[in-house]
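Student: I need the structure of the sequence given here:
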Amino acid sequence: MAGRRVLLMHITNSSGHHRASLAIARSLHELDPSASIAHVDAFHYASPVTRWAIQRLYISLIRHQPDVWEYLYDNPAVHRQVKLFRALLHRYHAVKLEQTLDSVRPDAIACTQAYPCGVVADFKKRRRLRLPLIGVLTDYAPHLYWFHDAVDYYVVPSEQVKQRFVARGIEASRVKVLGIPIDPGFLQPHDPAAAARQFGVELGKPVILIMGGSSGFGRLRDVLLHLDMLPHPCQFIVLTGLNGKLLVWTKTQRFRHRVVALSYTPDVPRLMDIATLLVSKPGGLTTSEALTKRLPLVILDPIPGQEAYNARYLVSQGAAVWAGSYETVRQTVRDLLDEPEQMAAIRRRCAELAHPQAARDTAQLLMEQ
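Tutor: Numbering: from 1, shown residues only. Modelled structure (predicted):
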């Protein structure tokens with residue numbers, strides 16, 4: 001008997017949206033090995049030139065004009081002004097969506113990013129289709145582009161996010177607080193001694209894991225140079241993402257403390273198991289992984305918009321500490337290392353907020369459609 005056919009849609013590979021889709025897919029296969037799963041990067045519905053222009057514009061705004069991005073993100077006035085443009089864009093991309101649906105013939109669709117969710121929702125509404133659609137949020141606050149009548153269910157990370165949907169007129173029964181889907185590998189315990197040997201660190205000293213996202217965003221050089229002046233006998237593992245120049249610099253620089261530099265790696269679960277604390281941008285997937293591993297997080301350099309919302313939520317819940325600047329990150333980390341009671345309290349809050357089974361629960365919801 002053929003298994004269920006599921007279409008998973010995201011935006012751009014090597015993103016948190018894509019990682020969430022992959023986590024859901026892995027859980028779907030665990031629940032039903034006969035399931036047929038198709039992944040679609042909706043960004044490829046646009047032309048190569050358009051994709052290049054959008055990526056360049058986004059990166060330029062984040063790096064050089066973050067205040068502009070902050071103004072545009074989740075701004076009700078902007079949302080109203082681009083309503084007609086969004087409708088036209090959705091209709092334009094509906095042609096390729098229809099081709100995808102004809103090819104995959106899915107029993108259900110899950111979107112881990114708002115844009116493809118909107119395209120599918122509008123297509124469903126125009127065609128009056130009875131095709132189950134689930135929107136899966138990968139950050140701790142919904143923006144205005146998530147809200148659609150034709151979405152059957154939303155998977156959200158917290159009760160606070162659910163209440164925002166309810167306030168927008170979405171029935172509470174359609175909003176499931178299941179968490180942000182992360183790879184099931186984060187649920188597996190790893191041997192700390194073996195992991196320490198693998199990465200060349202000592203278990204007896206604090207291990208500080210530094211991450212800057214898949215693209216190595218942020219001034220990680222400054223972070224590392226400031227933290228290297230810590231008086232504690234600590235060690236650093238730095239994930240440079242796809243930033244090759246940063247990887248070379250880190251490997252050739254002389255530091256007071258031991259520094260292990262790695263590029264994009266699938267071993268993040270093992271690294272989190274041996275880390276004492278994490279210094280990172282507050283991406284939705286990264287923070288959910290840290291919560292699952294009960295790893296205290298020092299937040300640095302959040303992107304305006306989604307990451308800033310994540311940072312405020314985690315700090316308000318006592319699950320993270322926000323370092324105000326690159327100059328103060330050393331003191332923030334030092335204070336945490338000097339206060340084991342605070343570290344223990346953060347770990348407890350991480351355990352209380354975590355949804356380690358989010359991917360499996362989301363997969364189960366898809367199977368029930």
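
Student: my read is that residue 286 contacts residue 16, right?
Tutor: Yes - if you go by Cβ atoms under 8 Å, residue 286 and residue 16 touch, sitting 7.5 Å apart. Glycine gets a C-beta too; all of them are placed from N, C-alpha and C.

Student: mind listing the strands for the stretch 151-300 of the chain?
Tutor: Along the stretch 151-300 of the chain, counting by DSSP state E, counting those that start in this stretch, strands occupy 153-156, 175-177, 207-211, 235-239, 258-262, 277-280, 297-299.

Student: mind putting those into CSV with mean neighbour count?
Tutor: As requested, the strands of the stretch 151-300 of the chain are arranged in CSV below (neighbours: other Cβ atoms under 10 Å):
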stretch, mean neighbour count
strand 153-156, 25
strand 175-177, 19
strand 207-211, 25
strand 235-239, 24
strand 258-262, 18
strand 277-280, 26
strand 297-299, 24
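
Student: mind putting those strands in CSV, mean pLDDT and distance to residue 367 included?
Tutor: CSV is the format used below for the strands of the stretch 151-300 of the chain (pLDDT from 0 to 100; distance: least, Cβ to Cβ, whole Å):
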stretch, mean pLDDT, distance to residue 367
strand 153-156, 98, 13
strand 175-177, 98, 14
strand 207-211, 94, 33
strand 235-239, 94, 34
strand 258-262, 92, 36
strand 277-280, 95, 33
strand 297-299, 96, 32
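
Student: nearest to residue 317, out of these?
Tutor: Comparing the strands of the stretch 151-300 of the chain by their distance to residue 317 (Cβ to Cβ), the top pick is strand 297-299, with 11.2 Å.

Student: any chance of the strands of the stretch 151-300 of the chain in TSV, plus distance to residue 47?
Tutor: Converted to TSV, the strands of the stretch 151-300 of the chain look like this (distance: least, Cβ to Cβ, whole Å):
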stretch	distance to residue 47
strand 153-156	30
strand 175-177	35
strand 207-211	33
strand 235-239	33
strand 258-262	35
strand 277-280	34
strand 297-299	37
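
Student: which of these sits closest to residue 245?
Tutor: strand 258-262 (11.8 Å).

Student: the closest one: how far from the chain's middle?
Tutor: Between the centre of strand 258-262 and the centre of its chain there are 24 Å (Cα atoms, centre = their mean, to the nearest Å).

Student: quick one: strands adjacent to that strand?
Tutor: strand 235-239 (parallel) (DSSP bridges).

Student: so the strand it pairs with versus strand 207-211, what angle?
Tutor: For strand 235-239 against strand 207-211, the angle by axes from the mean of the first three to the mean of the last three Cα atoms, to 10 degrees is 20 degrees.

Student: roughly how far is strand 235-239 from the heart of the chain?
Tutor: Counting by Cα atoms, centre = their mean, strand 235-239 comes out at 20 Å from the chain centroid.

Student: neighbouring contacts of stretch 74-84?
Tutor: Identification of contacts with stretch 74-84 by Cβ atoms under 8 Å, 6 or more residues apart in numbering yields 71-72, 141, 143-145, 305.

Student: now these in CSV, with distance to residue 332 and pLDDT?
Tutor: Converted to CSV, these look like this (distance: Cβ to Cβ, whole Å; pLDDT from 0 to 100):
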residue, distance to residue 332, pLDDT
71, 28, 70
72, 30, 71
141, 23, 89
143, 29, 87
144, 33, 88
145, 33, 88
305, 23, 86
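
Student: show me which of these are buried.
Tutor: 141, 143, 145, 305 (16 or more other Cβ atoms under 10 Å).

Student: low-confidence ranges, the chain, go.
Tutor: Flagging of the chain using pLDDT under 70 yields the residue ranges 1-2, 62, 64, 213-218.

Student: domains of it?
Tutor: For the chain, automatic domain parsing gives the domain ranges 5-184+356-367, 185-353.

Student: end to end, how far does the shortest one reach?
Tutor: Across domain 185-353, the terminal residues are separated by 19 Å (Cα to Cα, to the nearest Å).

Student: do the longest one as well
Tutor: Between the opening and closing residues of domain 5-184+356-367 we find a distance of 9 Å, counting by Cα to Cα.

Student: need the contacts of stretch 74-84 in CSV (columns: distance to residue 5).
Tutor: Shown next, in CSV, are those (distance: Cβ to Cβ, whole Å):
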residue, distance to residue 5
71, 41
72, 36
141, 32
143, 30
144, 31
145, 27
305, 34
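
Student: keep only those of those that are in helices.
Tutor: Within the contacts of stretch 74-84, residues falling in helices by DSSP state H are 71-72.

Student: quick check: the two most widely separated of the contacts of stretch 74-84?
Tutor: Once Cβ to Cβ is applied, the contacts of stretch 74-84 give 71 and 141 as the farthest pair, at 16.4 Å.

Student: quick one, what contacts residue 342?
Tutor: So residue 342 contacts 335-336 (Cβ under 8 Å, 6+ apart).
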